[in-house]
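> quick one: sequence plus predicted model below, questions after.
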Amino acid sequence: MTTTDAAIQIHRGLNGVYFDRTKTSFIDGREGQLLYRGYDIHDLAERSTFEETVYLLLYGELPTRAQLAVLDADLKAAREIPAGIIDVIRAVQDAHPMDVLRTVMSALSAYDPEVADNSTEATIRKGIRLTSQAATIVMTHEALRNGRTPVAPSKTLSHAANFLYMLTGEEPSADTARLMDVDFILHAEHGPNASAFTARVIAGTQANLHAAITGAIGALSGPSHGGAAENVMQMAMEIEDSAKAADYVKVLREQDKPVMGFGHRVYKVEDPRARHLRERVKQLSQEREEPQWYAILEAVVEAMTPYARRGIHVNVDFYAGVIYYLNGFPPDLFVPIFACGRVPGWTVQVVEQLENNVLIRPLTQYVGPMDLQYVPIEQRG
Ligand SMILES: CC(C)(COP(=O)(O)OP(=O)(O)OC[C@H]1O[C@@H](n2cnc3c(N)ncnc32)[C@H](O)[C@@H]1OP(=O)(O)O)[C@@H](O)C(=O)NCCC(=O)NCCS
């Protein structure tokens with residue numbers, strides 16, 4: 001094949017390209033269907049817990065009570081982070097929390113005894129540890145940058161309840177913990193999106209899980225991927241009043257800017273995860289006596305109705321931001337929360353990649369100049 005071959009088909013952004021087979025998750029973007037390991041996301045969001053979903057993703061089937069108890073104990077046992085890691089957090093505490101999480105995730109490789117073991121069993125064990133450690137990193141950083149002593153992780157609370165507990169030092173209500181639990185379930189896995197693909201590319205070189213997840217966090221930090229929840233909250237704050245939403249959207253679109261929390265590379269109907277958060281935002285806004293947030297979001301949805309014909313609907317990030325905000329999380333923690341929920345998904349993508357590994361190395365068609373004459377620097381004008 002030559003670089004001028006007219007037969008070369010370019011798939012920019014790898015849009016619509018299948019690069020492998022998977023047993024992890026199924027996404028039908030036209031029907032709005034999402035399955036983790038064959039189980040409908042609606043069943044999981046309504047009936048499962050994050051711990052059970054983690055087990056399902058990592059081991060491929062729903063756990064028995066005994067299996068779940070072992071995973072739960074492993075997650076709880078991994079919550080503490082080494083003192084050296086706390087020093088690293090302190091050293092970079094002024095950076096954006098996603099940059100901190102990425103840096104510290106990388107640093108954790110120095111402390112994991114199995115870092116170089118890429119067997120399935122060790123990768124799953126590391127994924128379990130990193131799921132817990134990521135949550136502690138984010139909450140330790142939040143405390144340190146605000147001059148507070150970090151709240152030591154609970155030894156008894158569920159993953160979601162412990163996450164909220166580390167923010168305030170107070171045990172959340174069962175309803176609040178369940179809301180966070182559902183949010184983590186909805187974010188746990190989503191096929192080869194940009195961050196999971198990054199993790200697979202890194203694993204494809206036989207690098208270790210810490211390297212793959214560090215890269216994935218970098219990919220997730222961009223506003224086209226994980227950053228949207230933060231931007232949606234910013235948008236809601238700028239709009240201030242639901243009556244102003246239509247004008248706000250109009251101005252954005254006149255500038256050809258995307259409306260955050262809308263559109264998806266795969267879903268051309270509503271993202272199936274969004275509905276589980278929509279009802280909860282409504283309820284939470286009322287409970288916290290801040291109904292304006294739900295009203296603003298719904299006014300934006302109304303203003304975006306003409307775009308639905310073109311397949312642009314709300315995605316999971318549209319409602320997530322307000323939930324985090326109403327639970328006391330500052331906006332720059334929204335993407336790290338997403339990352340904490342996604343660690344199991346990245347892990348299973350890496351496991352799948354390693355079990356049937358191939359170096360991922362696509363091509364670009366060269367369209368630049370050729371056969372240029374090298375001119376020594378002293379002769380260049
Ligand atoms: C997610 C996203 C990056 C997908 O991008 P993509 O698959 O590459 O699709 P494109 O950006 O090429 O968009 C296709 C068309 O839909 C329009 N569109 C996509 N998302 C839009 C949005 N959020 N608001 C308004 N128009 C949008 C684009 O302007 C483009 O229109 P055109 O064909 O007239 O140029 C994109 O929808 C986006 O930027 N959304 C906002 C950020 C966000 O919510 N991200 C979280 C994803 S879970």
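Okay, I see it.

> would you map out the domains in this protein?
For the chain, automatic domain parsing gives the domain ranges 39-222+341-355, 228-326.

> of the ones you listed, which shows the lowest average pLDDT?
Across the domains of the chain, domain 228-326 has the smallest mean pLDDT, namely a mean of 94.

> which of the domains of the chain sits closest to residue 334?
Of all these, it is domain 228-326 that lies closest to residue 334, at 4.1 Å by C-beta to C-beta. The C-beta positions use only the backbone N, C-alpha and C, and glycine is treated the same way.

> can you map out the strands along the stretch 251-381 of the chain?
For the stretch 251-381 of the chain, applying DSSP state E, counting those that start in this stretch gives no strands.

> please, where are all the helices along it?
274-287, 292-303, 305-308, 316-326, 334-355 (DSSP state H, counting those that start in this stretch).

> TSV please, covering those and showing mean neighbour count and distance to the ligand.
Formatted as TSV, those follow (neighbours: other C-beta atoms under 10 Å; distance: least, C-beta to the nearest ligand atom, whole Å):
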stretch	mean neighbour count	distance to the ligand
helix 274-287	18	10
helix 292-303	20	10
helix 305-308	12	6
helix 316-326	26	5
helix 334-355	26	9
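
> and these as TSV, adding distance to residue 143?
Shown next, in TSV, are those (distance: least, C-beta to C-beta, whole Å):
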stretch	distance to residue 143
helix 274-287	24
helix 292-303	26
helix 305-308	41
helix 316-326	17
helix 334-355	14
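
> residue in this protein nearest to the ligand?
The chain approaches the ligand most closely through residue 263 (2.2 Å), counting by C-beta to the nearest ligand atom.

> wait, that residue touches residue 314, no?
No: using C-beta atoms under 8 Å, residue 263 is not in contact with residue 314, being 9.1 Å away.

> more crowded one of those two?
Neighbours were counted for residue 263 and for residue 314 using other C-beta atoms under 10 Å; residue 314 has more, 26 against 20.

> residues touching the residue lying closest to the more buried one once chain neighbours are set aside, list them.
Distance criterion C-beta to C-beta, 6 or more residues apart in numbering; nearest residue to residue 314, sequence neighbours excluded, is residue 274 at 4.8 Å. Going by C-beta atoms under 8 Å, 6 or more residues apart in numbering, residue 274 touches 313, 314, 315, 316, 318, 319.

> re the thing from before, would you mind giving the domains of the chain as CSV with distance to residue 370 added?
Formatted as CSV, those follow (distance: least, C-beta to C-beta, whole Å):
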stretch, distance to residue 370
domain 39-222+341-355, 29
domain 228-326, 34
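
> ok, back up a step: nearest to residue 226 among the helices of the stretch 251-381 of the chain would be which one?
With C-beta to C-beta as the measure, helix 334-355 is the member of the helices of the stretch 251-381 of the chain nearest residue 226 (4.4 Å).

> tell me the helices and strands packed up against that closest one.
Secondary-structure packing of helix 334-355 (3 or more C-beta pairs under 8 Å, 6 or more residues apart in numbering; DSSP states H and E): helix 50-59, helix 97-108, helix 120-145, helix 174-187, helix 194-204, helix 209-220, helix 228-239, helix 316-326.

> buried residues in the third one, which are they?
Using 16 or more other C-beta atoms under 10 Å as the burial criterion, the residues of helix 120-145 that qualify are 122-145.

> tell me the phi and psi of the nearest residue to the residue of the chain closest to the ligand once chain neighbours are set aside?
Once flanking residues are discounted, residue 263 sits nearest to residue 312: 4.7 Å by C-beta to C-beta, 6+ apart. Note on residue 312: backbone dihedrals following degrees, to the nearest 10 are phi -110, psi 110.

> what about residue 312, neighbour count?
Residue 312 has 17 neighbours, counted by other C-beta under 10 Å.

> what's it in contact with, if anything?
262, 263, 304.

> quick check: the last one vs residue 248, distance?
This points to residue 304. Using C-beta to C-beta, to the nearest Å, residue 304 is found at 11 Å from residue 248.

> close to the ligand: what parts of the stretch 101-250 of the chain are there?
Neighbours of the ligand within the stretch 101-250 of the chain, by C-beta under 6 Å from any ligand atom: 224, 228.

> so residue 299 sits against residue 243, correct?
Yes: applying C-beta under 8 Å, one finds residue 299 in contact with residue 243, separated by 7.5 Å.

> between those two, which contacts overlap?
Shared contacts of residue 299 and residue 243, defined by C-beta under 8 Å, 6+ apart, are absent.

> you'd agree residue 62 is up against residue 36?
No: taking contacts as C-beta under 8 Å, residue 62 lies outside contact range of residue 36: 10.3 Å.

> who has more neighbours, those two?
residue 36 (23 against 16).

> so what's the more buried one up against?
By C-beta under 8 Å, 6+ apart, the contact list for residue 36 reads 24, 25, 44, 53, 56, 57, 188, 189.

> burial check on the residue nearest to the fourth one when sequence neighbours are not counted, number of neighbours?
Right, residue 53. Leaving out its chain neighbours, the residue that sits closest to residue 53 by C-beta to C-beta, 6+ apart is residue 185, at 4.9 Å. Neighbour count of residue 185, defined by other C-beta under 10 Å: 27.

> I'd say residue 185 and residue 48 touch.
Yes: the criterion here is C-beta under 8 Å, and residue 185 meets it with residue 48 at 6.2 Å.

> let me know the pLDDT of residue 3.
Here the pLDDT value assigned to residue 3 is 50.

> please apply the same query to the one 3 residues further on.
Reading off the confidence values, residue 6 has pLDDT 75.

> backbone dihedrals for it, please?
Taking degrees, to the nearest 10 as the convention, residue 6 sits at phi -70, psi -20.

> ok, now how distant is it from residue 365?
Distance from residue 6 to residue 365, by C-beta to C-beta: 10 Å.

> among these two, which residue is more densely surrounded?
Using other C-beta under 10 Å as the criterion, residue 6 and residue 365 rank with residue 365 on top: 12 against 5.
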